[in-house]
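In: Mind looking at a prediction? Sequence and model below.
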Amino acid sequence: MHELGITQSIVEIALRTAAGQQAKKIHSVTLEIGSLAGVVAEALEFCYEACSKNSLLEGSRLIIEAVPAKARCRDCALDYPLTDLLACCPACDSASGDLICGEELRIKEMEID
Amino acid sequence: MCIDCGCGPADHNHHHHAESDVSRKTISVEEDILSKNNRLAAGNRVLFANQGIFTLNLVSSPGSGKTTLLEKTLVDLKSEINFAVLEGDQQTTNDADRIAATGTPAHQINTGAGCHLDAHMVGHGLEYFDLNAVQLLMIENVGNLVCPASFDLGEDFKVSLLSVTEGEDKPLKYPQMFRASEIMLINKIDLLPHVRFDVAKCREYAERVHPGIQIFEVSCYSGEGLDQWYGWLKEKVAEKARG
């Protein structure tokens, strides 16, 4: 359950960014979360509500954009979607693929006044 | 044309835009959520490089034998390598006490409700050591095969421990951790005659999750396999000291 710590980082970054923009209100915060980032969206949402209380973030919407994982085959260079870390290359069945994306844990944007 | 929204006269059903709509704007942030931890980990890594300290982050489920492996390693190698140990647990100083009993500088970090160590805790943990006298820092993470995978501490390598009483499919069940680990130790191999654990399968699963992962088979009870582990440690410590 490290979503609490991660949410605290989200809140910290969002409030810092809002202060830098002299925002009066924060409507939403959009995250990009890779499917292999090891984070559960529901847990993040739950923690977000608790962590945003009594701050400029209270009542704002947390939007989570899922980033599907992709790998590049080391043998035939094909890019293919990774449903889990064990998926093999659909073209040559090689098990050695390098992850191209899917581990993102990033704040993409915010909607503010 | 409406100057607020650009809609043409034909579809101009005039609505007055509320002020909040006008001032509402989307700003790009593009910041890694773990950026603070990653920044602090990078700071730790620079410190380790400057001091020539080889650093390992030991991860496993609770009870795989991390502390026993450390005790055995420290006792057997303390005449050749200067160690320091950071211990991570939710509660108690039991593990740091066990390490301190071997004569090695040790500091306990209690994470309370936390399920992993982070780079900030490690940075402060280092304040308890004379770093000029340390060649190999062992960080024993909280027993957990999930969360510690995401938190860089500034180590050279993560080392996963898996004991033969746990089942050979752990690398498949917790692929993220074994993917993040350069080294895997299969521990308690003295128990192999008594348990159903397929070493070959375990190696195959680990290799599937992490092609090229380096695997040592050891027993801290019989001492089997420890020479290879010690040989690797000595080689890496010397390498790091050379810079």
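Out: Perfect, I can see it now.

In: make it CA atoms for all contacts and neighbour counts henceforth
Out: Will do.

In: part of a strand, is B:Glu71?
Out: No: counting by DSSP: H, G, I helix; E, B strand; the rest coil, B:Glu71 is not part of a strand but helix.

In: Please tell me how far the nearest residue in space to it that is not next to it in sequence sits from B:Thr67.
Out: Nearest non-adjacent residue to B:Glu71, counting by Cα to Cα, 6 or more residues apart in numbering or on different chains: B:Ile99, 6.1 Å away. Distance, B:Ile99 to B:Thr67, by Cα to Cα, to the nearest Å: 8 Å.

In: before we move on, back to that, residues in contact with the residue nearest to B:Glu71?
Out: By Cα atoms under 8 Å, 6 or more residues apart in numbering or on different chains, the contact set of B:Ile99 is B:Thr67, B:Leu70, B:Glu71, B:Val85, B:Pro105, B:Ala106.

In: how would you label the residue nearest the centre of chain A: helix, strand or coil?
Out: Among the residues of chain A, the one closest to the centroid is A:Ile33, at 2.0 Å (Cα atoms, centre = their mean). Recorded secondary structure, A:Ile33: strand (three-state DSSP).

In: which residues does it contact?
Out: For A:Ile33, the contacting residues are A:Val39, A:Ile64, A:Glu65, A:Ala66, A:Val67, A:Gly102, A:Glu103, A:Glu104, A:Leu105, A:Arg106, by Cα under 8 Å, 6+ apart.

In: Run a quick neighbour tally on the fifth one.
Out: Summarising burial for A:Val67: neighbours were counted as other Cα atoms under 10 Å in any protein chain shown, giving 18.

In: Repeat that for the first one.
Out: Around A:Val39 there are 20 other residues, counting by other Cα under 10 Å.

In: what does the second one give?
Out: A:Ile64 is surrounded by 18 other residues when neighbours are defined as other Cα under 10 Å.

In: if I look at it, how far off is A:Cys76?
Out: For A:Ile64 relative to A:Cys76 (Cα to Cα), the value is 33 Å.

In: any chance you could map the strands in the chain?
Out: Since no chain was named, I'll use chain A. Secondary structure of chain A (DSSP state E): strands at A:26-34, A:61-67, A:70-73, A:79-81, A:97-101, A:105-112.

In: should've been chain B
Out: B:25-32, B:54-59, B:83-89, B:106-110, B:136-140, B:157-163, B:183-187, B:214-217.

In: Show me how far the shortest one is from its chain's centre.
Out: Average the C-alpha atoms of strand B:214-217, do the same for its chain, and the two points are 17 Å apart (Cα atoms, centre = their mean, to the nearest Å).

In: Now B:Ser64: phi and psi?
Out: The phi and psi values for B:Ser64, taken as degrees, to the nearest 10, are phi -80, psi -10.
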